[in-house]
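> Fold the following.
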Amino acid sequence: MARTGPKKSGLRVLVWLGVVLAVLTAVLAGGTIAGQASWAPKLALDLEGGTQMILAPKVEGGSDINEEQLNQAVAIIRQRVDGSGVAEAEISTQSGRNVVVSLPGTPSTQTRALIQASADMNFRPVLLNGAGAAVPTESLTPEDQLPKPTAEPANSSDTNWITPEVYRQFETLDCDNPSQDKQERSDPAKPLVTCEPATATTPAIKYILGPVEVKGSNIVTSSFQLQQGAQGAVTNEWAVNIQFDDEGTAKFKEVTERLNQFYVAAGGETGTDPKAQFAIVLDDQVISAPRSLAVITDGRPQITGGFTEQTAKALSDQLRFGALPISFEIQSEQQISATLGGEQLRMGLLAGVIGLLLVVVYSLFQYRALGFVTIASLVVAGALTYLAIAILGWTENYRLSLAGVAGLIVAIGQTADSFIVYFERIRDELREGRGLVSAVENGWKRAKRTVLASKAVNLLAALVLYFVAVGNVRGFAFTLGLTAIADLIVVFMFTHPTLQMLARTRFFGEGHRFSGLDPKQLGAVPLYRGAGRLRTPESKPAAVRAKNAGAAAEAERRMTIAERRLAEKQEQLTGSSKSASKENK
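Alright, predicted model coming up:
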């Protein structure tokens, strides 16, 4: 079987890159035609302006709200309107009493209603659970095999709640990549298909839950503490305690009597029946789904199982504050102009253009015609990034702030750096006397390790910034990570394949003096003189020897520690061989 050459392989990769760009363009065009997307990226508050609402909290019964409760309410609102952290919404407290919500653009009626609604916490029995990933299309249950109710549900734990539509929704739900921004509330009298998000120690899980049986408003309080053993001794395990009111105590006793029957029937601790679980649901998202190990008659259940002090406190706070019947009344609403405006955006774009021009000038000066590969690579990287930002604005409500623009500007230098590393590796190979085709392949093997390590550091920095920061810094981190991924795609799918093809052209392959890959200009003179004769280093002109010495020193300086040690070992072996030859003579 004939082996595929680098030229054909490079052409095939370029075709695949063209397919990727075409698909992304078609997706965005389809969304634009449907009126749901736009060719222009969405802009954040600082660049576009939007709507500012001042909300006054209202508590059922007229009781006062403290600062801790208000901060919890702010966290819940932030999760509702900007769960992914890239919509550039701003939510804060004002005078320790009100909440100020600033949203880019004009919020929809659903978003406005969602902001005003109280936190929705409740307890639902689990009917079915499974891994968080969506079932592949080819593995979906056939229509004629979907579960069908055989009777009216007798209680909230009855599997007759699972209709074919509910089960299909369960299969197609992807909890590994959930939609963050909710638009409506679930019906408490109907089953719910939802997720329990992944944590640092557990993967995402999806559930089919029965109708609501106990409301969060029945919780009097919650706390966390170290668990006590059977003899009253304190263990190192953390637990969360809940206290229900009289109504909640009676309802929870009824629920645990039923769930405990499933627990015993499944074999107790060794059983795995999901119907022995009850899910604690906050804003239609599961925050915990413990099993009922006993019948709770006093309304004081305790949740245990692998908690740390931090996770126990977090669940306790969610139970105590998430169950508060706090709703919000819009006191005032006004349109706000861009905090920075178009002038700052133009200045930011101008800075990007200047940086891009400097990179272009440097590339053409340093690499001559090879610099056009850098320019073309930057254009492809820009196209990929622009399409990704526009599509994410449509699908994930990503909005570009001035901090995001700064991330794009920083990415220009980082992207160009990848090309420079690759080009210099090729030049090093040419200085060692290799032909261009061989230099491209060997240079790529050495350069891609450096490029991958560099992008891994960039992605790690972006991830750390994204998860520990809030506000515009998250937008900057997201953009930085996005451009790092685009850079990798371009280097692997455009820059390297392009050079594989150019290496076989006459202009580059023969080392034209304007190609940027002229061996003579790089200090590499072929040692072969024809008919079995080799030119010794001493036979070269003095100027050439001096230039080669400088090039060799530069190549040695660029060596990694491992490469330098290998060269020293080879020199020692060569010296030993020469000594042995002299002794034999």
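
> List the buried residues of the strand or helix carrying residue 258.
According to DSSP states H and E, residue 258 maps onto helix 246-265. Within helix 246-265, the residues that count as buried by 16 or more other C-beta atoms under 10 Å are 248, 249, 251, 252, 255, 256, 258, 259, 260, 261, 262, 263. The C-beta positions use only the backbone N, C-alpha and C, and glycine is treated the same way.

> what's the closest non-adjacent residue to the last one?
Read that as residue 263. residue 276 (3.9 Å; C-beta to C-beta, 6 or more residues apart in numbering).

> Any chance you could list what contacts the helix holding residue 258?
123, 125, 155-157, 213-215, 218-220, 244, 271, 273, 275-278, 291-299, 301 (C-beta atoms under 8 Å, 6 or more residues apart in numbering).

> 10 Å instead?
123-126, 155-157, 213-220, 242-244, 269, 271, 273-278, 290-301, 323 (C-beta atoms under 10 Å, 6 or more residues apart in numbering).

> starting at the chain centroid, how far to it?
Centre-to-centre, helix 246-265 and its host chain are 40 Å apart (C-alpha atoms, centre = their mean, to the nearest Å).

> thinking again about what came up before, can you list the buried residues of helix 246-265 in CSV and add pLDDT and distance to residue 45?
Formatted as CSV, the buried residues of helix 246-265 follow (pLDDT from 0 to 100; distance: C-beta to C-beta, whole Å):
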residue, pLDDT, distance to residue 45
248, 90, 41
249, 93, 47
251, 92, 44
252, 91, 44
255, 91, 45
256, 91, 48
258, 92, 49
259, 91, 47
260, 89, 51
261, 89, 54
262, 89, 50
263, 86, 50
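
> ok, so of these, who is nearest residue 162?
residue 262 (15.5 Å; C-beta to C-beta).

> What separation do you get for the closest one and residue 289?
14 Å (C-beta to C-beta, to the nearest Å).

> Between the two, which contacts overlap?
126, 274, 277.

> After the helix holding residue 258, which helix or strand is next?
strand 278-282.

> What is that next one packed up against?
In terms of contacts (3 or more C-beta pairs under 10 Å, 6 or more residues apart in numbering; DSSP states H and E), strand 278-282 is packed against strand 121-131, strand 192-196, strand 205-209, helix 246-265, strand 285-288, helix 309-322.

> and those as a markdown table, adding distance to residue 67?
What follows is the helices and strands packed on strand 278-282, written out as a markdown table (distance: least, C-beta to C-beta, whole Å):
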| stretch | distance to residue 67 |
| --- | --- |
| strand 121-131 | 20 |
| strand 192-196 | 29 |
| strand 205-209 | 33 |
| helix 246-265 | 27 |
| strand 285-288 | 23 |
| helix 309-322 | 11 |
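
> so which of the ones you listed comes closest to residue 486?
Per C-beta to C-beta, nearest to residue 486 of these: strand 192-196, 29.1 Å.

> so which of the helices and strands packed on strand 278-282 gets nearest residue 391?
strand 192-196 (23.1 Å).

> Can you show me the CA trace of that closest one as CSV?
The C-alpha trace of strand 192-196 is given here as CSV (Å, rounded to 0.1, in the frame of the first residue of the first chain):
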residue,chain,number,x,y,z
LEU,A,192,-39.6,17.1,36.6
VAL,A,193,-36.6,16.1,34.5
THR,A,194,-33.5,17.9,35.9
CYS,A,195,-29.8,17.7,36.8
GLU,A,196,-27.6,17.6,39.8
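
> partners of that strand, with directions?
strand 205-209 (antiparallel) (DSSP bridges).

> and the angle for the strand it pairs with with strand 278-282?
Orientation check (axes from the mean of the first three to the mean of the last three C-alpha atoms, to 10 degrees): strand 205-209 against strand 278-282 gives 100 degrees.

> which other helices and strands contact the next helix or strand along the chain from strand 205-209?
The first helix or strand that comes after strand 205-209 along the chain, using DSSP H and E, is strand 214-215. Packing partners of strand 214-215 (3+ C-beta pairs under 10 Å, 6+ apart): strand 121-131, helix 246-265.

> so how far is the next helix or strand after strand 214-215 from its chain's centroid?
Scanning forward in sequence from strand 214-215 by DSSP H and E, the next helix or strand is strand 219-228. Strand 219-228 sits 35 Å away from the centroid of its parent chain (C-alpha atoms, centre = their mean).

> What residues sit buried inside strand 219-228?
219, 220, 222, 224, 227.

> can you tell me how far the residue nearest to residue 263 sits from residue 255?
Residue 276 is 11 Å from residue 255, by C-beta to C-beta.

> what is in contact with the two at once?
Shared contacts of residue 276 and residue 255, counting by C-beta under 10 Å, 6+ apart, come down to 125, 157, 292.

> Out of the residues you listed, grab the one that's most surrounded.
residue 125 (27 neighbours; other C-beta atoms under 10 Å).

> May I have the beta-bridge partners of that one?
Per DSSP bridges, the residues bridged to residue 125 are residue 278.

> Can you pull out the low-pLDDT segments for the stretch 351-500 of the chain?
470-471 (pLDDT under 70).

> Tell me if residue 202 really is in a strand.
No - under DSSP: H, G, I helix; E, B strand; the rest coil, residue 202 sits outside any strand and is assigned coil.

> just checking, it touches residue 175?
No - under the criterion of C-beta atoms under 10 Å, residue 202 makes no contact with residue 175, lying 11.7 Å away.

> These two: who's more crowded?
Counted by other C-beta under 10 Å, residue 202 and residue 175 do not tie: residue 175 has more neighbours, with 22 against 11.

> so that one, which of the three states?
coil.

> ok, it to residue 134 distance?
8 Å.

> Now the common contact residues for the two.
residue 206.

> How many neighbouring residues does the spatially closest residue to residue 203 that is not a sequence neighbour have?
With sequence-adjacent residues excluded and distances taken as C-beta to C-beta, 6+ apart, residue 203 is closest to residue 132, at 5.9 Å. Residues within reach of residue 132, counting by other C-beta under 10 Å, total 20.

> Run through who's touching stretch 224-238.
239-241, 302-317, 319-320.

> gap between the two ends of it?
7 Å (C-alpha to C-alpha, to the nearest Å).

> For residue 196, which non-adjacent residue is spatially closest?
Nearest one to residue 196, counting by C-beta to C-beta, 6+ apart, is residue 286 at 3.9 Å.

> cool, residue 221 as well?
Using C-beta to C-beta, 6+ apart, the closest residue to residue 221 is residue 243 (5.2 Å).

> Can I take it that the one you found is in a helix?
No - the assignment for residue 243, made by three-state DSSP, is strand rather than a helix.

> just to revisit the earlier point, compile the shared contacts of residue 262 and residue 289 into JSON lines and extend it with columns for neighbour count and distance to residue 384.
What follows is these, written out as JSON lines (neighbours: other C-beta atoms under 10 Å; distance: C-beta to C-beta, whole Å):
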{"residue": "126", "neighbour count": "24", "distance to residue 384": "43"}
{"residue": "274", "neighbour count": "19", "distance to residue 384": "43"}
{"residue": "277", "neighbour count": "23", "distance to residue 384": "44"}
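
> All set now, cheers.
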